[in-house]
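S.K.: predicted model and sequence follow; I will ask about them next.
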Amino acid sequence: MREAELDRAWEICDRHLQEYCLSDPAKHTGERHFQRIWRGEEFEGRRVLVRCYHGLGDTIQFVRFAKPLRDRAREVLLWGQPELLELLRGVEGIDSLHPLHDGTPALDYDVDMEIMELAHALRVTPGLIAGRVPYLQVGPTFIRKTARSRRPISIGLVWEAGNWDRRRCMPPGILSKLHAVPGIQLFSLQQGPGRAMVDAIPAEDIAAPDLRSLAATITSLDLILTIDTMVAHLAGALGTPVWTMLHADCDWRWPKVGRKSIWYPSMTLFHQPSSGDWEGLLDQVITELYQFLAQLEWGVAGPAVDQTNGEAGAKSDTSTFDASRHLDGPACGIWFCHRLCGFLDHLRQRVIRFSRRHCSYHPLHDAFHPTLGTPRHPGYPSQAR
């Protein structure tokens with residue numbers, strides 16, 4: 001799954017499922033998080049109940065397969081987390097939504113499966129995965145006039161996740177380094193206990209009261225910068241630019257290396273250089289952020305704006321970002337100086353790397369030019385470094 005070798009993944013899943021079914025385990029017993037619902041039953045032309053037993057992010061990630069499932073089933077019923085149902089009403093392929101509870105669903109169905117089993121049951125391909133994005137929509141009446149009316153570039157932040165894997169969480173104080181980048185404004189989308197730590201950054205708190213409002217807020221921002229949590233999936237499912245910060249031993253759904261994800265075309269991945277190194281990861285983010293801002297400044301296609309109401313709405317591949325709304329005259333001058341300094345520093349680093357590969361330092365030159373050194377010649381002393 002990490003390498004997007006799905007044919008091989010489904011072969012492994014087939015083998016594990018066969019072994020599991022041979023042990024004849026009872027269905028719908030034990031902790032829901034560990035239950036295997038689908039046992040390979042045929043679902044063509046049948047009434048299928050989809051159970052959502054994992055996290056909110058898992059449901060958002062896999063609900064994209066409701067439409068391919070509905071193309072083969074007679075009816076699709078989704079038994080999902082109550083806080084998600086309003087957001088999922090517009091998802092193609094779902095005939096009816098029902099709030100999840102601790103009891104037994106009072107629904108008639110022929111086949112049931114857990115939502116994360118849909119990919120295996122449908123034997124999806126990378127093309128089917130990416131081709132269904134975006135699959136969540138936010139109507140224009142739900143767009144919140146928050147950061148979109150404020151300039152410069154608006155970035156929404158999330159730094160803390162739930163207790164399932166605390167390695168995903170980063171200290172919010174590290175995000176204060178983002179203030180060194182000109183032309184941006186930081187907003188907090190953080191909920192839960194971490195919300196109280198917003199002053200460590202600091203950022204303006206615009207956390208939403210519900211998921212529908214959160215989706216509207218996300219689409220009103222230029223960029224989402226988040227750890228591996230539900231917000232990353234929500235932004236990706238909406239087709240909003242989202243940068244996801246991953247710990248070194250990231251979850252199975254993300255590749256170990258590389259910036260791209262087959263799940264969300266609008267997502268960019270950042271990995272810790274080593275376990276626990278959030279500082280090093282944020283250095284990567286800041287470098288990429290300069291490039292992102294440069295693209296916006298020079299009118300390269302960026303976050304789309306719904307021209308009918310001036311707010312961030314349905315994305316359009318043909319829209320062009322208007323950089324003049326983000327940087328005024330003085331800010332452009334400051335931005336140009338930062339870009340020039342960044343370019344010169346990049347050039348200096350390349351010269352240093354070249355010199356270390358092809359040059360040697362003569363001891364007599366240390367005091368004069370200790371960084372670059374001088375070309376090696378046969379007459380140089382043997383102790384030259």
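M.R.: Looks like it arrived, so ask away.

S.K.: the strands in the chain, which residues?
M.R.: With DSSP state E as the definition, the chain shows strands at residue ranges 47-51, 75-80, 96-99, 111-114, 153-158, 184-188, 204-205, 223-227, 242-246, 267-271.

S.K.: could you export these as CSV, including mean pLDDT, mean neighbour count and distance to Pro105?
M.R.: All C-beta atoms are positioned from the backbone trio N, CA, C, and that covers glycine. What follows is these, written out as CSV (pLDDT from 0 to 100; neighbours: other Cβ atoms under 10 Å; distance: least, Cβ to Cβ, whole Å):
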stretch, mean pLDDT, mean neighbour count, distance to Pro105
strand 47-51, 98, 23, 7
strand 75-80, 98, 21, 5
strand 96-99, 98, 14, 7
strand 111-114, 98, 20, 9
strand 153-158, 96, 25, 32
strand 184-188, 96, 20, 37
strand 204-205, 96, 14, 38
strand 223-227, 98, 25, 32
strand 242-246, 98, 24, 33
strand 267-271, 97, 21, 33
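
S.K.: can you check which of the ones you listed gets nearest to Gly280?
M.R.: Nearest to Gly280, of all those, is strand 267-271, at 9.6 Å by Cβ to Cβ.

S.K.: now the helices for this protein?
M.R.: Per DSSP state H, the chain has helices spanning 6-22, 56-62, 66-70, 82-88, 118-122, 126-130, 211-219, 230-238, 278-297, 329-358. These are given in chain order.

S.K.: let me have those helices in a markdown table, extended by distance to Pro202.
M.R.: Supplementary listing: the helices of the chain in a markdown table, determined by distance: least, Cβ to Cβ, whole Å:
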| stretch | distance to Pro202 |
| --- | --- |
| helix 6-22 | 43 |
| helix 56-62 | 27 |
| helix 66-70 | 40 |
| helix 82-88 | 28 |
| helix 118-122 | 40 |
| helix 126-130 | 37 |
| helix 211-219 | 18 |
| helix 230-238 | 19 |
| helix 278-297 | 16 |
| helix 329-358 | 20 |
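
S.K.: of those, which stretch is the most buried?
M.R.: Relative to the other members of the helices of the chain, helix 230-238 carries the highest mean neighbour count by mean count of other Cβ atoms under 10 Å, namely a mean of 27.

S.K.: give me the angle between it and strand 153-158.
M.R.: Using axes from the mean of the first three to the mean of the last three Cα atoms, to 10 degrees, the direction of helix 230-238 lies 130 degrees away from that of strand 153-158.

S.K.: closest one to Gln18 among the strands of the chain?
M.R.: Using Cβ to Cβ as the measure, strand 111-114 is the one of the strands of the chain that comes nearest Gln18, at 16.3 Å.

S.K.: against which helices or strands is the closest one packed?
M.R.: Secondary structure elements in contact with strand 111-114, counted by 3 or more Cβ pairs under 8 Å, 6 or more residues apart in numbering; DSSP states H and E, are strand 47-51.

S.K.: okay, the strand it packs on in PDB with CA atoms only?
M.R.: Coordinates of the C-alpha atoms in strand 47-51 are reproduced here as PDB (Å, rounded to 0.1, in the frame of the first residue of the first chain):
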ATOM      1  CA  ARG A  47     -28.300  -4.100  -0.400                       C
ATOM      2  CA  VAL A  48     -25.000  -3.200   1.300                       C
ATOM      3  CA  LEU A  49     -24.500  -1.700   4.800                       C
ATOM      4  CA  VAL A  50     -21.200   0.200   5.200                       C
ATOM      5  CA  ARG A  51     -20.100   0.400   8.900                       C
END
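
S.K.: now the residue nearest to Pro99 when sequence neighbours are not counted: how far from Val50?
M.R.: With Cβ to Cβ, 6 or more residues apart in numbering as the criterion, Pro99 has its nearest non-adjacent residue at 4.2 Å, and that residue is Pro82. Here Pro82 is placed at a distance of 15 Å from Val50 (Cβ to Cβ, to the nearest Å).
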